[in-house]
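Engineer: Compute the structure for the input listed below.
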Amino acid sequence: MSGEGSLHGFVSVPVCFTARWRVAEEPDKLAREIINHRTSDRFTAPPPSFTELPEDMMEMAEFKRANPHLFRMWMALEKKMDYVISLLSSSAKKDEQMGDALCMAVSEGGLKFQVQQPPKIGDKVQTRLTFPSYPMLTIEALAQVTGVEPSVDPAGEFVVTGAFTAINHMDKEDMIQYLFKRQREILQKKRE
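Structural biologist: Numbers count the residues shown, from 1 in each chain. Here you go, the predicted model:
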């Protein structure tokens, strides 16, 4: 499937970013953990510093009016701090038992990714998707493999399709927001 299409009965969005995956060892236990806790809550990463804004937004607006140059510098510093925090917390998200994948398409109901060593149809795979967005969005989900095909790429890779069987509700909402944003970008490029 190239471009936009149907992936498990949902409109899929073509993407291209790295992901991590492995065959789930205890899928039922992992499914409960994924459903009951947001991905960001299960890792020990501190929240982005930008979320710690003053409660009184009037003070922010006044600060911006009083010294716009200093305000821009402060905002740039906030973004850099968020980036440094994400780099520090990325080590908590690394799992040496997970393999690398290239995520090719994502929908509300599933995903398509390319791997060197494919799982078997019916396997439940743990996937960790880090969307190319700011702030960084990482979502972990459990998917059942519904298809494995050799890739048209001569590198000897395989294209795997999977249907999500466990994903946290809030993570899913964040993913849907990303997908809508990505669809808008694709439509804008088509119009140009």
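Engineer: drop to CA atoms for contacts and neighbour counts, all remaining ones
Structural biologist: Fine.
Engineer: Could you pull up the contacting residues of the closest residue to G110 other than its chain neighbours?
Structural biologist: Excluding its sequence neighbours, the residue lying closest to G110 (CA to CA, 6 or more residues apart in numbering) is A163, at 4.2 Å. Remark: with contacts taken as CA atoms under 8 Å, 6 or more residues apart in numbering, A163 is in contact with H8, G109, G110, L111, A143, Q144, V145, T146.
Engineer: Under the pLDDT cut-off, which ranges of the protein? List them.
Structural biologist: Judged by pLDDT under 70, the chain has its weakly predicted residues at 1-10, 42-58, 60, 82-94.
Engineer: could you pull out the strands for it?
Structural biologist: Assigned strands in the chain, in chain order: 5-7, 10-23, 99-106, 110-115, 124-131, 137-150, 158-166 (criterion: DSSP state E).
Engineer: From the contact counts, what lies against the fifth one?
Structural biologist: Spelled out, that is strand 124-131. For strand 124-131, the contact count by 3 or more CA pairs under 8 Å, 6 or more residues apart in numbering; DSSP states H and E identifies strand 10-23, strand 137-150 as packing neighbours.
Engineer: related to what we said a few turns ago, and which of the contacts of A163 is nearest to Q97?
Structural biologist: For Q97, the nearest member of the contacts of A163 is A143. The distance, counting by CA to CA, is 17.1 Å.
Engineer: for the closest one, what are its contacts?
Structural biologist: With CA under 8 Å, 6+ apart as the criterion, the residues that contact A143 are G110, K124, V125, Q126, T127, G162, A163, F164, T165, A166.
Engineer: can you list the domains in the protein?
Structural biologist: The domain map for the chain lists 5-43+98-191, 49-89, with the assignment taken from automatic domain parsing.
Engineer: rewinding a little: now the residue nearest to G110: how far from T127?
Structural biologist: If you measure A163 against T127 using CA to CA, to the nearest Å, the figure is 11 Å.
Engineer: go on, Y178?
Structural biologist: Counting by CA to CA, the gap from Y178 to T127 is 17 Å.
Engineer: Pick out whichever of these two has more residues nearby.
Structural biologist: Comparing Y178 with T127 by neighbour count (other CA atoms under 10 Å), the higher total belongs to T127, at 24 against 17.
Engineer: hmm, back to that, would you mind giving the helices and strands packed on strand 124-131 as CSV with distance to V115 added?
Structural biologist: Output for the helices and strands packed on strand 124-131, formatted as CSV (distance: least, CA to CA, whole Å):
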stretch, distance to V115
strand 10-23, 9
strand 137-150, 10
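Engineer: out of those, which comes closest to R32?
Structural biologist: Nearest to R32, of all those, is strand 137-150, at 10.1 Å by CA to CA.
Engineer: okay, the angle between the closest one and strand 10-23?
Structural biologist: Angle between the axes of strand 137-150 and strand 10-23 is 90 degrees (criterion: axes from the mean of the first three to the mean of the last three CA atoms, to 10 degrees).
Engineer: Name the residues of strand 137-150 that are buried.
Structural biologist: Burial within strand 137-150, assessed by neighbour count using 16 or more other CA atoms under 10 Å, is assigned to 137-148, 150.
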